[in-house]
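Visitor: whatever this is, show me its structure:
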Amino acid sequence: MADTTSEQLSHEQPTVVRLWSADNVEFQVDREVVCEFQSLRHMVQERAYEDAPIHLDRISSKLLSKVLKYCEYHVSNRRRRHANENSAEVFLDAEKAWDTEYLKVDRSVLFALLEVSLEWNIEGLLALTLSTIVKQIYDGSRKIADDEEEGNGNVSGSESVD
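Guide: This is a model prediction of the structure:
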């Protein structure tokens, strides 16, 4: 009788994990994509996964869909990079462009993505949202400074009459 290794067990686990959003919408997601959620990685990898869904009680289906889109793209792109190591830089450039488009969202969505990435420890999304927020703050500060210079330091925009 052969020993059952953890590697064999992981291959026997379903490749699809069921996630349920706060508004009870079910998502069937590739295990590797779910493992982008570092907080769920051990749950998915360490046990023979049952058919029970994982409930994400604080994430709406709309937001979960957006987060999964990010994770799916990055897992897929990582697979393509590994398969085509000679052109890995091309994939990284495409990923940067994709990330830029992905985060062309309003501020409330950006901060919701930040909150989810913090809560579920999605490292790449956390780094991306934080850098985007910092850039927006920096650009906003620069714009205020430029506006002040154009107004000769008069913040209110009205001219004083002496």
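Visitor: ranges for the helices of the protein?
Guide: Listed in chain order, the helices of the chain (DSSP state H) span 6-12, 31-34, 38-46, 61-83, 88-102, 107-119, 123-150.
Visitor: quick one: list the elements packing against the longest one.
Guide: Which is helix 123-150. Contacts defined by 3 or more Cβ pairs under 8 Å, 6 or more residues apart in numbering; DSSP states H and E place helix 123-150 against helix 61-83, helix 107-119. All C-beta spots, glycine's among them, are computed from the backbone N, C-alpha and C.
Visitor: mind listing what's buried along it?
Guide: 125-126, 128-129, 132-133 (16 or more other Cβ atoms under 10 Å).
Visitor: rebuild these as TSV, extending it with pLDDT and distance to residue 38.
Guide: Written out in TSV, the entries for the buried residues of helix 123-150 read as follows (pLDDT from 0 to 100; distance: Cβ to Cβ, whole Å):
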residue	pLDDT	distance to residue 38
125	98	11
126	98	10
128	97	15
129	97	15
132	95	20
133	95	20
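Visitor: which of those lies closest to residue 21?
Guide: Distances from residue 21 to those, taken as Cβ to Cβ, are shortest for residue 125 (16.8 Å).
Visitor: skipping adjacent residues, who's closest to the closest one in space?
Guide: Setting aside the residues directly before and after it, residue 125 is nearest to residue 117 in space (Cβ to Cβ, 6 or more residues apart in numbering), at 4.0 Å.
Visitor: tell me how far the spatially closest residue to residue 74 that is not a sequence neighbour lies from residue 69.
Guide: Spatial nearest neighbour of residue 74, excluding adjacent residues (Cβ to Cβ, 6+ apart): residue 124 at 5.8 Å. In this view, residue 124 and residue 69 are 13 Å apart by Cβ to Cβ, to the nearest Å.
Visitor: coming back round to it: just put the helices and strands packed on helix 123-150 in CSV and tack on mean pLDDT and mean neighbour count.
Guide: As requested, the helices and strands packed on helix 123-150 are arranged in CSV below (pLDDT from 0 to 100; neighbours: other Cβ atoms under 10 Å):
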stretch, mean pLDDT, mean neighbour count
helix 61-83, 94, 16
helix 107-119, 96, 16
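Visitor: what's around the closest residue to residue 28 other than its chain neighbours, how many residues?
Guide: The spatially closest residue to residue 28, leaving aside those adjacent along the chain, is residue 16, at 4.9 Å (Cβ to Cβ, 6+ apart). Applying other Cβ atoms under 10 Å, we find 14 residues neighbouring residue 16.
Visitor: who touches the spatially most central residue of the chain in this structure?
Guide: For the chain, the residue nearest the mean C-alpha position is residue 125 (3.1 Å; Cα atoms, centre = their mean). Residues in contact with residue 125, defined by Cβ atoms under 8 Å, 6 or more residues apart in numbering, are 36, 67, 70-71, 113, 116-117.
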